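> sequence and predicted structure, then a few things I'm wondering about:
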Amino acid sequence: MFKGIYALIIELDSDVCLNVGALGELKFKKGLYAYVGSAQANLLYRIKRHFRREKRLFWHIDYLLSNNAARIIKVLFKQTDKSGECALATFFSERGEPIPGFGCSDCRCKSHLFHITDYHMLDETMQTVHFET
Ligand SMILES: [Zn+2]
C-alpha cells in the first residue's frame, strides 16, 4: 500500500489502429512503448489493473492495453511524489517519440506515452532513474 510513479514497457506485436477515447483514432506502429503514470493511493493495485484485459476503459492506456497485440513486458516503479511522474515523462520525451496528448490530460506534458526505437535507452533509464523493480 504505497504511492509512487511507474513506467510500463509495452510491446506491440503488430501495427494497430485504435480508438483512444477522446483522442479519437490513433495509429500505433509495431514496437516498444514506454508509458508513465502515477498512483497516489495504491501503486500495486494500479499496476495489477494494467495487466487485466477485462475492465472498463478509463485511461488512454486502457485502450492500448485492451488490444491483443499489446502486452506489458516490464514494469518499473519508484516511491516518490507525483512531480516525479512528469519528470520521467520529460526524460522519455528526450529519448523516444511522443504520442501527442496521450495520458497527459491533467498536466502540461506533450505525452506520457513514447514509442521507443533505441533499446539501450531502457538500460540508461534504469541507471539514471534508480527504479525499484
Ligand atoms: Zn506530465
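Thanks, I have it. Numbering: from 1, shown residues only.
> can we go C-alpha only for contacts and neighbour counts from here?
Will do.
> quick check: residues of the protein near the ion?
Proximity of the chain to the ion, by C-alpha under 5 Å from the ion, involves residues 86, 107, 109.
> how about the strands in the protein?
4-12, 16-19, 25-28, 31-39, 70-78, 97-98, 113-116 (DSSP state E).
> and those strands: which comes nearest Trp59?
strand 31-39 (10.3 Å; C-alpha to C-alpha).
> note down every partner strand of that closest one and its orientation.
In the sheet, strand 31-39 lines up against strand 4-12 (antiparallel), strand 113-116 (antiparallel) (DSSP bridges).
> please identify the most buried of those strands.
Among the strands paired with strand 31-39, ranked by average contacts under mean count of other C-alpha atoms under 10 Å, first place goes to strand 113-116 (a mean of 24).
> got a list of contacts for that strand?
With C-alpha atoms under 8 Å, 6 or more residues apart in numbering as the test, strand 113-116 has contacts from 31-36, 89, 92-93, 95-99, 102-103.
> cutoff 7 Å now
32-36, 92-93, 96-99, 102-103 (C-alpha atoms under 7 Å, 6 or more residues apart in numbering).
> mind listing the residues bridging to the residue nearest to the spatial centre of the chain?
Central residue of the chain (C-alpha atoms, centre = their mean): Tyr35, 1.2 Å from the mean position. With DSSP bridges as the criterion, Tyr35 is bridged to Leu8, Leu113.
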